[in-house]
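# predicted structure and sequence below. I'll ask about it afterward.
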Amino acid sequence: MWSNRALPEPAAATASQQHQSPQETAAAAAAAAAETAATAAAAAATAAARLTIRHAVVMNCMRLLRPSACSSSSSCCCRPSTACAAAQQQQTNSRQQQQRMVQQQTQQQQQKRMTKQLTRQQQQQKQQQEKQQQQQRKQQQQQRKQQQQQRKQQQQQRKQQQQQRKQQQQQRKQQQQQQQLQQQQQQQQQQQQLTREERCTAGNADGLGVKGVSLQQAAQTLNPKP
């Protein structure tokens, strides 16, 4: 009789895989799936060979022993009945094993597809993260540039304010200088007037021989009012 061996599950996670990265885990799963597929293919080939041998044995049994006491519905009719039942059981077992192998192969293919999808998703996530990081870096650079421009503008404004203050100080100095000049000119004019009056009043006034008499007083003395 053919014994049904349980094939190893490729999706079983080991304790060492928990410490691996997602890429390493996917690669290990793919390798395990490939190994399981190879084992399944070898088992399928062996089962097919054994099935061929059993079929030949059954056909030989049917040729040698006439199906006189067998039913028409049975696929194998030979004598004794125990041999026929054993052959039928072997056929059913081989068919079930083939079905299991096909299911395992489909599961392995599905697992491969899932691993590929996971790797693609991981790559896409990494690319998106890199793009986001690049965008954040660009935004930070732009913010730094804007801050530098703002600082430059503030410095320029300060310089302009300083220049305006200097101009105002210069204007005040000029005004003060002008006021001082005006005061000096007024003082000079006053001094000139005083010197003229002093010249007129000093000494003899029109030959009168009176010192310290102004022209107005001399005129009054010469032409007294009635």
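Nice, I can see it.

# switch to C-alpha atoms for all contacts and neighbour counts from now on
Noted.

# now do the host helix or strand of residue 108: which elements does it pack against?
Counting by DSSP states H and E, the element that carries residue 108 is helix 81-201. Where contact means 3 or more C-alpha pairs under 8 Å, 6 or more residues apart in numbering; DSSP states H and E, helix 81-201 is packed against helix 22-64.

# now do the helix it packs on, average pLDDT.
Over the span of helix 22-64, the pLDDT mean works out to 73.

# equivalent analysis for stretch 152-166, please.
Rounded mean pLDDT across stretch 152-166 is 94.

# one more: stretch 174-182?
What stretch 174-182 shows for mean pLDDT is 93.

# which residues are in contact with that stretch?
By C-alpha atoms under 8 Å, 6 or more residues apart in numbering, no surrounding residue is in contact with stretch 174-182.

# quick revisit: the helix holding residue 108 to helix 22-64, inter-axis angle?
Helix 81-201 runs at 160 degrees relative to helix 22-64, counting by axes from the mean of the first three to the mean of the last three C-alpha atoms, to 10 degrees.

# thought residue 108 was touching residue 38?
No - contact criterion C-alpha atoms under 8 Å: residue 108 and residue 38 do not qualify, at 10.9 Å.

# out of those two, which sits in the more crowded spot?
Higher neighbour count among residue 108 and residue 38: residue 108, with 22 against 13, using other C-alpha atoms under 10 Å.

# and for the more buried one, nearest residue in space, chain neighbours not counted?
Distance criterion C-alpha to C-alpha, 6 or more residues apart in numbering; nearest residue to residue 108, sequence neighbours excluded, is residue 33 at 5.9 Å.

# count the residues that sit near the one you found.
When neighbours are counted by other C-alpha under 10 Å, residue 33 comes out with 22.

# what of residue 40?
Residue 40 has 19 neighbouring residues, counting by other C-alpha under 10 Å.

# might one say that it is in contact with residue 101?
Yes - Residue 40 is within contact range of residue 101, at 6.3 Å (criterion: C-alpha under 8 Å).

# give me the pLDDT value at residue 211.
48.

# number the chain from 679, please
Yes, from this point I'll number from 679; that puts the last item at residue 889.

# the residue nearest to residue 786 and residue 798, how far apart?
According to C-alpha to C-alpha, to the nearest Å, residue 711 and residue 798 sit 18 Å apart.

# swap in residue 807?
Remark: distance between residue 807 and residue 798 (C-alpha to C-alpha) = 14 Å.

# now swap in residue 851 and tell me
Per C-alpha to C-alpha, residue 851 is found 79 Å from residue 798.

# how about residue 809?
16 Å.

# now swap in residue 805 and tell me
Per C-alpha to C-alpha, residue 805 is found 10 Å from residue 798.

# again, but for residue 702
14 Å.

# likewise for residue 812?
21 Å.

# what count of nearby residues applies to the residue nearest to residue 708 when sequence neighbours are not counted?
Of all residues not flanking residue 708 in the chain, residue 790 sits nearest, at 6.3 Å (C-alpha to C-alpha, 6+ apart). The burial count assigned to residue 790 is 18, neighbours taken as other C-alpha under 10 Å.
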